[in-house]
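S.K.: just need the structure, nothing else, for what follows:
(one chain, ligands or ions: 1)
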Amino acid sequence: MPELVLEMNGRTWTLDASRPYTLGRDPQGDIVLDDARVSWRHATIAWNGRSWVVEDHGSTNGTFVQGQRVHQLEIGPGSAVNLGNATDGPRLNVSGAAAAVTTPQPQPQPHAAQNENAGWAQPAPQQSAPQQNWQQPQQVAPQIPQQQGPGGGAGAPSAYGDRSPTTFHQLALDRVMRIGRALENELVVSDLQVSRHHAEFHATPDGRFEIRDLGSHNGTFVNGMPIGKGGSALLGPNDIVGVGHSTFRLVGDRLEEFVDTGEVSFSARHLTVTVDGGKQILKDVSFGVPEKSLIAVIGPSGSGKSTLLKALTGYRPANQGDVLYDNRNLYKQFAELRQRIGLVPQDDILHKELTVKKALKYAAKLRFPADTTAAEREARIDEVLRELKLDIHKEKKVTSLSGGQRKRVSVALELLTKPSLIFLDEPTSGLDPGMDRDVMQLLRGLADDGRTVLVVTHSVAELAICDKLLVMAPGGSVAYFGPPEEALNFFGYETWADVFSAFENYRDYDWAGRWKGSQHYQMYAADIDAVAPQSVDMPSPQAIKPPKPQGWFSQLGTLIRRYVAVIGSDKGFLALTVILPAVLGAVSLLIDHNRGLLVNPVNPRTGMHVPNGTATTVLLILAVGACFAGAANSVRELIKERVIYERERATGLSRSAYLMSKVIVLGAVTVLQGLMVGLIGFSSREIPKDGLVLGNATLFELCLPIMALGFTSMMFGLVISALVKTAEKTMPLLVMFAIIQVVFTGCLFTLHGTIGVNEFSYLMPSRWAVGAAGTTLDFNNIAPNTDDPTNTDPLWDHTASAWGLDMAALIAIGVVCGFLVARFLRRHEPEVMRK
Ligand SMILES: Nc1ncnc2c1ncn2[C@@H]1O[C@H](COP(=O)(O)OP(=O)(O)OP(=O)(O)O)[C@@H](O)[C@H]1O
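M.R.: The predicted structure follows:
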């Protein structure tokens, strides 16, 4: 039987071929290594029938041979294996059996006997240590990479984790290797995230290789940083090129391809979030899971679960610590890795008025590269619908689905782009226990199919289905991380209600200290904590802004079509958009219905025109109608779909395209409503035969200010909608806006000459709209200033230039509102998106 001798610091172990030998901090293992960087169950060494093989078992800090991180490697006499660190981690020197003969005590060492001072001897938790054996490993933690290698740029590990390449490709100096989705490429990547002709590798005259982006939609990345549309970058041996779900590494003239199939490890190290004022709302959170894991995060309200989720997804990066995606630093390589993350917020990210299929169709159009065909997108949608068993519901409106099914649709939407990591924020809140189980089983299935799923939940009924449970304590620290079935024992309570009561009653208790002093900590998190905390150094927002899979106009087109579809499917809204202006226009007819809007004759006694109160009142009512209709159309528009906007923004939606889609659709609706109000209000009245600018089309000349007022009020409504935190606040603000407009029309009292008030009225759209219509009707003579007849209002001058000025000012206020909306929208965006 072949034997192998391992030596470390004067100790030796002789391994025979009859069984595998386990290495790690676990005192139950064969070779116990008391070093915090070594994982509980770090690796095995076994005879495979041909040679001795060291195999890493998902250790946190890695197994290294000759400085290279390895997953599985043949070893033999002369080899040296470092655990936990390539250079100064515990080093096992390998020699052959002959050495064993000359070594004084070369017996294989069973179990803990060899080291009485094992570092795990921490205060034991209340329950006995969990019994596990090596053959059914409870994975401890994922791999964590070495620190950046030279030339690693934005943080490339010196090797791509410890995975084996999926494929190799041979590069030639005289040949360009083009990557893309189309079949005519030399390297075909069948991934919808990849453009048809995405990028190419080619040699430079000095024999080095370069990657050049071919104007790809989703970008080409080197070490996680985009090289820019049409840009190129020289490649060194440590550089990693990212294209869609594939990454490439150059080894000599050979190109290694690693395809991200979703099976990625994930870990967080020392995550700390500090808010203004220096308060820490997330404190030193570390945990890690291997691939295909389902992790649940629970904790009392305010314990930092949402903060943790934002830190893990990069939405609001932590101030300190790292998030590692399959050994790659998420924060440093956010531009590339963000595309592999799916996030299902608590609120549905769908337009509920659409059918399931249509909602997914628009989402796919926005998220996939512009060069994907409708058939390709449809095929992916059908695939996801089948996977989530939603195909029978695809023609149903989202509103008609149950809460659980709706959640499935939200998950389906995120799955379209095949993320490897999926985060869900309280997906089961508001669901009954049956649906709760359904959703958790769905998540279990997603993880089993090769994804890592992390779910923040308030529901504790289905925790057993998860691989790992993270319990957050008040104050934002970890109270427990480990298998869910051991958690209650760990806390020493029988129910979760008791645990949460304890959190509530003993808020100041050092829950984190209790966790760190436990054996569970040693088993499940100590190795991750062994690496010192790093302060977060995010690349500039400009450098990590997501690629826009679609061009601006294409996004705008899709958004407009989607918005029209949403409005079109809401019959109630459609009916109101017609009824509201019709009623508002019609009520104006009740005012002195037989009186016209012309200037009255001069009163010979006063030498002034007799005021025409009908004209001012009618114009007041029509103006208020346009204000109301315009602002009411838009005031809830942004707040009601803020969650959708936030999510889509994080996947590359353009803020200005989004805003413009609202302006165009709502603007068109509002302008038509304004036209209706104006036509109903003015057409049955006697009006001047000739206008100031449109000749004898006086009716239309009078309608134009009403339409423009509707538009500008709609923009004001958008400002309110972008400003508020909840939809309920919009109604009082809408009423306030409309009443202020009434006051500042100038129809109720003389504004001109009232110092301060008049200047303030220039900010009001109704002032300029009434001014424009007033120039046509000659308001200075319809409502003469009785106090000082010579002091006429210049905004009402019966001249074409005054009409033009009034209209220009009205539109300008609308444009300023547009800038304000964009500014306010930015405040609600994920922190990493603000630019
Ligand atoms: N930007 C901020 N500035 C100051 N404090 C904040 C900020 N964001 C969150 N907090 C505070 O941090 C704590 C954690 O908040 P977080 O929303 O993460 O808790 P949570 O566990 O998700 O709560 P819930 O279960 O109620 O959603 C809370 O006390 C919250 O008030």
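S.K.: pLDDT below threshold where in the stretch 301-450 of the chain?
M.R.: Residue ranges of the stretch 301-450 of the chain with pLDDT under 70: none are present.
S.K.: no no, the chain
M.R.: The low-confidence ranges in the chain, as defined by pLDDT under 70, are 1, 96-164, 531-547, 831-835.
S.K.: the closest residue to the ligand within the stretch 551-700 of the chain: how many residues sit nearby?
M.R.: Here the stretch 551-700 of the chain gets closest to the ligand at one residue, residue 643, 14.3 Å apart by C-beta to the nearest ligand atom. Placement of C-beta: from N, CA and C, glycine included. Per other C-beta atoms under 10 Å, the neighbour tally for residue 643 reads 16.
S.K.: which other helices and strands does the strand or helix carrying it contact?
M.R.: Residue 643 is part of helix 642-650, with elements assigned from DSSP states H and E. Counting contacts by 3 or more C-beta pairs under 8 Å, 6 or more residues apart in numbering; DSSP states H and E, helix 642-650 packs against helix 655-683.
S.K.: packing partners for the helix it packs on?
M.R.: Helices and strands touching helix 655-683, by 3+ C-beta pairs under 8 Å, 6+ apart, are helix 552-568, helix 571-588, helix 613-634, helix 637-640, helix 642-650, helix 698-723, helix 800-827.
S.K.: nearest to residue 496, out of those?
M.R.: helix 642-650 (28.1 Å; C-beta to C-beta).
S.K.: kindly calculate the angle that that closest one makes with helix 552-568.
M.R.: 160 degrees (axes from the mean of the first three to the mean of the last three C-alpha atoms, to 10 degrees).
S.K.: against residue 353, how distant is the nearest residue to residue 35 once chain neighbours are set aside?
M.R.: Once flanking residues are discounted, residue 35 sits nearest to residue 90: 5.0 Å by C-beta to C-beta, 6 or more residues apart in numbering. Noted for residue 90: a distance of 61 Å to residue 353, by C-beta to C-beta, to the nearest Å.
S.K.: about what we covered before: to residue 776, which of the helices and strands packed on helix 655-683 lies closest?
M.R.: helix 698-723 (5.3 Å).
S.K.: next, the angle helix 698-723 makes with the helix or strand that comes right after the closest one.
M.R.: Downstream of helix 698-723, the next assigned helix or strand under DSSP H and E is helix 730-743. Here helix 730-743 runs at an angle of 140 degrees relative to helix 698-723 (the same axes, to 10 degrees).
S.K.: got the phi/psi numbers for residue 203?
M.R.: Dihedral angles of residue 203 (phi, psi; degrees, to the nearest 10) stand at phi -90, psi 150.
S.K.: equivalent analysis for residue 472, please.
M.R.: phi -90, psi 140.
S.K.: next up, the contacts around it.
M.R.: 285, 297, 298, 299, 300, 303, 304, 305, 308, 478, 479 (C-beta atoms under 8 Å, 6 or more residues apart in numbering).
S.K.: relative to residue 827, how far out is residue 584?
M.R.: Counting by C-beta to C-beta - residue 584 and residue 827 are separated by 33 Å.
S.K.: who's more crowded, those two?
M.R.: residue 584 (22 against 9).
S.K.: ok, the closest residue to the more buried one other than its chain neighbours to residue 498 distance?
M.R.: Distances taken as C-beta to C-beta, 6+ apart put residue 625 closest to residue 584, at 3.1 Å, once the chain neighbours are dropped. To residue 498, residue 625 is 61 Å away according to C-beta to C-beta.
S.K.: have a look at the two and say which one is more surrounded.
M.R.: With neighbours defined as other C-beta under 10 Å, residue 625 and residue 498 compare such that residue 625 has more, 30 against 13.
S.K.: show the contacting residues for that one.
M.R.: Contacts of residue 625 by C-beta under 8 Å, 6+ apart are 581, 584, 585, 587, 588, 677, 681.
S.K.: switch the cut-off to 7 Å
M.R.: Counting by C-beta atoms under 7 Å, 6 or more residues apart in numbering, residue 625 makes contact with 581, 584, 585, 677.
S.K.: can you pick the most crowded of the residues you listed?
M.R.: residue 677 (32 neighbours).
S.K.: my read: that one touches residue 581, true?
M.R.: Yes. At 4.6 Å, residue 677 counts as touching residue 581 under the criterion of C-beta atoms under 7 Å.
S.K.: what's the overlap in contacts for the two?
M.R.: 625, 629.
S.K.: which helix or strand contains the residue nearest to residue 381 when sequence neighbours are not counted?
M.R.: Using C-beta to C-beta, 6+ apart and skipping the chain neighbours, the partner closest in space to residue 381 is residue 360 (4.8 Å). With elements taken from DSSP H and E, the one containing residue 360 is helix 356-367.
S.K.: same question for that helix: list its buried residues.
M.R.: For helix 356-367, a neighbour-count test (16 or more other C-beta atoms under 10 Å) marks 356, 357, 358, 359, 360, 361, 362, 363, 364, 365, 366, 367 as buried.
S.K.: and the angle for that helix with helix 655-683?
M.R.: 120 degrees.
S.K.: what packs against whichever helix or strand comes after helix 356-367?
M.R.: Heading C-terminal from helix 356-367, the first helix or strand you meet, by DSSP H and E, is helix 374-387. Using 3 or more C-beta pairs under 7 Å, 6 or more residues apart in numbering; DSSP states H and E, the elements in contact with helix 374-387 are helix 356-367, helix 403-415.
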